[in-house]
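Undergrad: Below are the sequence and a predicted model for it; my questions follow.
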Amino acid sequence: MAKALELRNITKRYPLVLANDRISLDVGWGEVLAIVGENGAGKSTLMKIVYGLVKPDQGEIIVEGVPVHVTSPRDAIAKGIGMVHQHFMLVEPFTVLENVILGSEPGSPAQIDLARARTEVEALNKELGFNLDLDAKIEDLAVGLQQRVEILKAIYRKARILILDEPTAVLTPQEAEELFEFLRKFVQQGNAAIFISHKLAEVIRVSDRTTVIRDGKVVGTVNTKDTSVEELARMMVGREVILTVQKTPKTPGEVMLEVEGLVAQSHNPKHSLKGISFQVRAGEVVGIAGVEGNGQTELVEALTGLRPYLGKVRYGGQELPQKARAVREWGLSHIPEDRNQRGLVLDFSTRENCILGDHYRKPYTIMGFLEADNIEQHARMVVENFDVRPRSTELAGRRYSGGNAQKIIVGRELSRDPRVLIAAQPTRGVDIGAIEFIHEQIIAARDRGLAVLLVSADLNEVRSLSDRILVMFEGRIMGELKAEEATEERLGLLMAGIRA
Ligand SMILES: Nc1ncnc2c1ncn2[C@@H]1O[C@H](COP(=O)(O)OP(=O)(O)OP(=O)(O)O)[C@@H](O)[C@H]1O
Ligand SMILES: [Mg+2]
């Protein structure tokens with residue numbers, strides 16, 4: 001039987017890199033193929049080629065044994081190929097139903113047959129066990145549910161080959177589990193799926209085979225049941241990766257960040273902060289664990305001067321104006337959770353992105369003039385020290401792969417010698433080698449006396465980096481645990497709003 005999808009010698013060159021270098025792979029009906037590789041290895045580029053978003057320089061795409069030309073997503077959909085992007089493409093103020101049928105509405109353009117659409121979509125919703133409320137607005141849905149809408153949309157368009165590019169990066173462990181159940185069922189019904197992820201344990205759990213890509217080339221394909229996280233990591237990175245953080249106990253110093261009775265409003269009452277108090281000392285990492293959407297985003301925004309609040313926040317004992325510039329000048333660094341919105345200006349060059357937020361100060365601006373040499377030198381330092389690939393200071397923010405964009409932000413924020421670092425999801429979308437590196441950098445900064453507030457949806461990350469862990473639930477702190485008492489179980493209960 002012909003393979004569901006076959007790629008032969010796909011090549012794509014960008015001005016600075018050969019993103020795909022004669023890549024060949026295949027996926028059969030009934031199979032989940034995982035694709036893994038370091039940040040910038042070329043995974044997303046390859047999938048965008050298959051989905052008609054990027055034109056390859058060379059190579060063939062073969063669907064069910066027939067060579068096809070895919071020059072737009074419309075072509076891809078017509079061939080039964082669907083894609084769920086990491087950044088969802090949904091229209092936020094529209095309902096679930098409207099989003100699912102958008103662009104393939106039944107009936108005539110003059111008269112959309114809404115009743116028919118509703119019946120069809122409801123039937124699919126049932127069949128997939130998605131439990132979506134078709135009349136809910138996208139903006140009111142949790143991320144995990146938004147992703148289901150994306151999947152429903154692809155399947156409504158009759159996708160039989162489903163591509164998922166880092167689908168679990170923003171999911172809770174529970175949501176990820178449900179996605180895997182769906183994927184297994186989907187392929188058991190005779191479909192095919194391609195799954196891209198940096199979470200190698202998940203790759204091993206859900207895929208049948210795994211193709212490893214490095215520097216745009218296929219390194220090899222393995223049967224997933226015969227491999228391990230360690231082997232995949234080695235194939236990806238080309239060396240052993242140490243998967244645990246080396247951290248020595250430290251006695252923390254003076255209080256650098258003090259929060260007292262913090263109250264802040266959000267459009268969703270569940271996310272509003274209802275009186276939060278805690279301290280972070282110099283030389284300690286305080287982790288905030290919790291299911292996303294329990295006020296973590298609002299807390300970070302308040303502390304970084306991006307959201308108004310009531311209550312007291314003291315930075316090194318001082319109250320500061322509730323302004324991003326004021327807290328930044330004092331010495332607060334911020335790794336924001338949304339790198340495309342807040343972390344980078346996508347049209348700015350690396351050089352410009354490396355001084356964002358400090359561009360008006362010495363040594364980048366002196367007496368009102370931008371100092372090109374100092375700016376260039378700083379960018380080179382960030383790119384070198386944080387292994388940003390490609391090693392350019394010119395490239396526009398949007399041309400970086402997800403993980404490399406994140407490295408620019410982490411590098412910029414850590415290299416300005418801050419007193420407090422607020423890090424939200426610092427390694428989301430980052431490959432396993434780079435996670436190891438970023439973790440080492442955060443711990444080294446802590447050892448030099450930096451106070452770190454770490455917000456992460458990744459429990460492993462919170463547990464391995466933090467000295468103390470606070471758990472947030474519906475805008476409150478449910479409890480505090482020392483790192484060594486924070487078992488997954490105890491954290492899980494607090495995260496669900498249950499006090500032992
Ligand atoms: N439009 C573009 N212009 C120039 N270079 C690009 C463009 N898009 C991607 N690249 C480069 O191609 C390479 C591969 O990028 P790609 O996004 O495919 O990586 P990836 O494997 O998906 O990485 P990640 O795990 O970080 O998402 C990177 O070096 C990237 O900078
Ligand atoms: Mg990618």
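TA: It's in. Ligands and ions are numbered 1, 2, ... in the order given.
Undergrad: can you give me how far stretch 263-279 is from the chain middle?
TA: Taking C-alpha atoms, centre = their mean, to the nearest Å, one finds stretch 263-279 lying 24 Å from the centre of the chain it belongs to.
Undergrad: Report the buried residues of it.
TA: Residues 264, 266, 271, 273, 276, 278-279 are the ones in stretch 263-279 that count as buried (16 or more other C-beta atoms under 10 Å). For glycine as for every other residue, the C-beta is placed from the backbone atoms N, C-alpha and C.
Undergrad: so which of those also contact ligand 1?
TA: Contacts with ligand 1 are made by none of the buried residues of stretch 263-279, judged by C-beta under 6 Å from any ligand atom.
Undergrad: check those residues against ligand 2, which are close?
TA: Taking C-beta under 5 Å from the ion as the test, ligand 2 is in contact with none of the buried residues of stretch 263-279.
Undergrad: For the chain, what lies in contact range of ligand 1?
TA: For the chain, the contact set with ligand 1 under C-beta under 6 Å from any ligand atom comprises 14, 17, 19, 37, 39-45, 389-390, 399-404, 431.
Undergrad: now the closest residue to ligand 2 within the stretch 51-200 of the chain: how far from Lys43?
TA: In the stretch 51-200 of the chain, the residue that lies nearest ligand 2 is Asp165 (6.0 Å; C-beta to the ion). According to C-beta to C-beta, to the nearest Å, Asp165 and Lys43 sit 7 Å apart.
Undergrad: Can you pick out the residue with more neighbours from the two?
TA: Taking other C-beta atoms under 10 Å, Asp165 and Lys43 do not tie; Lys43 has more neighbours (27 against 22).
Undergrad: In helices, which of the buried residues of stretch 263-279 fall?
TA: Secondary structure from DSSP state H places none of the buried residues of stretch 263-279 in helices.
Undergrad: Tell me where the model's unsure across the stretch 51-200 of the chain.
TA: 86-87 (pLDDT under 70).
Undergrad: Mind pulling up the pLDDT for the residue in the stretch 401-500 of the chain positioned nearest to ligand 2?
TA: Residue nearest to ligand 2 within the stretch 401-500 of the chain (C-beta to the ion): Gly402, separated by 4.7 Å. pLDDT, Gly402: 85.
Undergrad: what's near enough to touch it?
TA: By C-beta atoms under 8 Å, 6 or more residues apart in numbering, the contact set of Gly402 is 39, 44, 86, 166, 339, 429.
Undergrad: Just send these back as a markdown table, with secondary structure and distance to Lys153 too.
TA: As requested, the contacts of Gly402 are exported to a markdown table (DSSP: H, G, I helix; E, B strand; the rest coil; distance: C-beta to C-beta, whole Å):
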| residue | secondary structure | distance to Lys153 |
| --- | --- | --- |
| Asn39 | coil | 28 |
| Ser44 | helix | 19 |
| Gln86 | coil | 15 |
| Glu166 | coil | 18 |
| Arg339 | helix | 25 |
| Gly429 | coil | 22 |
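Undergrad: Including distance to Thr297 and neighbour count, could these go into TSV?
TA: Compiled in TSV, the contacts of Gly402 are given as follows (distance: C-beta to C-beta, whole Å; neighbours: other C-beta atoms under 10 Å):
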residue	distance to Thr297	neighbour count
Asn39	24	23
Ser44	25	20
Gln86	18	17
Glu166	20	21
Arg339	14	22
Gly429	17	20
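Undergrad: And these, which two are furthest apart?
TA: Greatest spatial distance among the contacts of Gly402 (C-beta to C-beta): Ser44 and Arg339, at 14.6 Å.
Undergrad: How about Met1: what's its closest non-neighbour residue?
TA: Of all residues not flanking Met1 in the chain, Trp29 sits nearest, at 7.0 Å (C-beta to C-beta, 6 or more residues apart in numbering).
Undergrad: Remind me which helix or strand the one you found belongs to.
TA: Trp29 is part of no helix or strand when elements are defined by DSSP states H and E.
Undergrad: and it, what does it touch?
TA: Trp29 makes contact with 1, 3-4, 187, 190-192, according to C-beta under 8 Å, 6+ apart.
Undergrad: Which ones among these lie within helices?
TA: By the criterion of DSSP H, membership of the contacts of Trp29 in helices covers Val187.
Undergrad: okay, the residue in the chain positioned nearest to ligand 2: pLDDT?
TA: Residue nearest to ligand 2 within the chain (C-beta to the ion): Ser44, separated by 3.2 Å. On pLDDT, Ser44 comes in at 95.
Undergrad: Would you mind measuring from it to Phe437?
TA: 21 Å.
Undergrad: care to break the chain down by domain?
TA: Domain assignment for the chain, taken from automatic domain parsing, gives 5-237, 255-495.
Undergrad: Tabulate these (JSON lines), appending distance to Lys247.
TA: Below are the domains of the chain laid out as JSON lines (distance: least, C-beta to C-beta, whole Å):
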{"stretch": "domain 5-237", "distance to Lys247": "20"}
{"stretch": "domain 255-495", "distance to Lys247": "5"}
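Undergrad: Tell me which of the ones you listed lies nearest to Thr244.
TA: Of those, nearest to Thr244 by C-beta to C-beta is domain 255-495, at 6.6 Å.
Undergrad: what separates that closest one from the chain centre, distance-wise?
TA: On C-alpha atoms, centre = their mean, the centre of domain 255-495 falls 15 Å from that of its chain.
Undergrad: And for stretch 169-180?
TA: In this view, stretch 169-180 has its centroid 13 Å away from the chain centroid, taken as C-alpha atoms, centre = their mean.
Undergrad: close to ligand 2, is it?
TA: No: contact of stretch 169-180 with ligand 2 (C-beta under 5 Å from the ion) is absent, the minimum separation being 9.9 Å.
Undergrad: Would you mark the buried spots in that stretch?
TA: Here stretch 169-180 shows 169-172, 175-176, 178-180 as buried, counting by 16+ other C-beta under 10 Å.
Undergrad: Touching that stretch from outside, list them.
TA: Contacts for stretch 169-180 (C-beta under 8 Å, 6+ apart): 86, 142-144, 147, 167-168, 197-198, 202, 205-206, 291-292, 428-429, 457, 459.
Undergrad: go with 6 Å
TA: Here stretch 169-180 makes contact (C-beta atoms under 6 Å, 6 or more residues apart in numbering) with 143-144, 168, 206, 291, 428-429.
Undergrad: Report the buried members of these.
TA: Buried members of the contacts of stretch 169-180, scored by 16+ other C-beta under 10 Å, are 143-144, 168, 206, 291, 428-429.
Undergrad: Ala423 looks like it's in a helix, true?
TA: No: looking at Ala423 with DSSP: H, G, I helix; E, B strand; the rest coil, it is strand, so not inside a helix.
Undergrad: list the contacts for it?
TA: Contact analysis of Ala423 by C-beta under 6 Å, 6+ apart lists 335, 454.
Undergrad: Same list (the contacts of Gly402) but as TSV, adding distance to His359.
TA: TSV is the format used below for those (distance: C-beta to C-beta, whole Å):
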residue	distance to His359
Asn39	26
Ser44	29
Gln86	29
Glu166	31
Arg339	18
Gly429	26
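Undergrad: Go through those residues and say which is closest to Val241.
TA: Taking C-beta to C-beta as the measure, Val241 lies nearest Asn39 of those, at 13.6 Å.
Undergrad: Can you tell me how far the closest residue to that closest one other than its chain neighbours is from Arg351?
TA: Nearest residue to Asn39 in three dimensions, chain neighbours excluded: Gly403, at 2.7 Å (C-beta to C-beta, 6+ apart). As judged by C-beta to C-beta, Gly403 and Arg351 stand 20 Å apart.
Undergrad: next one: Glu413
TA: Per C-beta to C-beta, Glu413 is found 16 Å from Arg351.
Undergrad: ok, the two, which is more surrounded?
TA: Higher neighbour count among Glu413 and Arg351: Glu413, with 23 against 20, using other C-beta under 10 Å.
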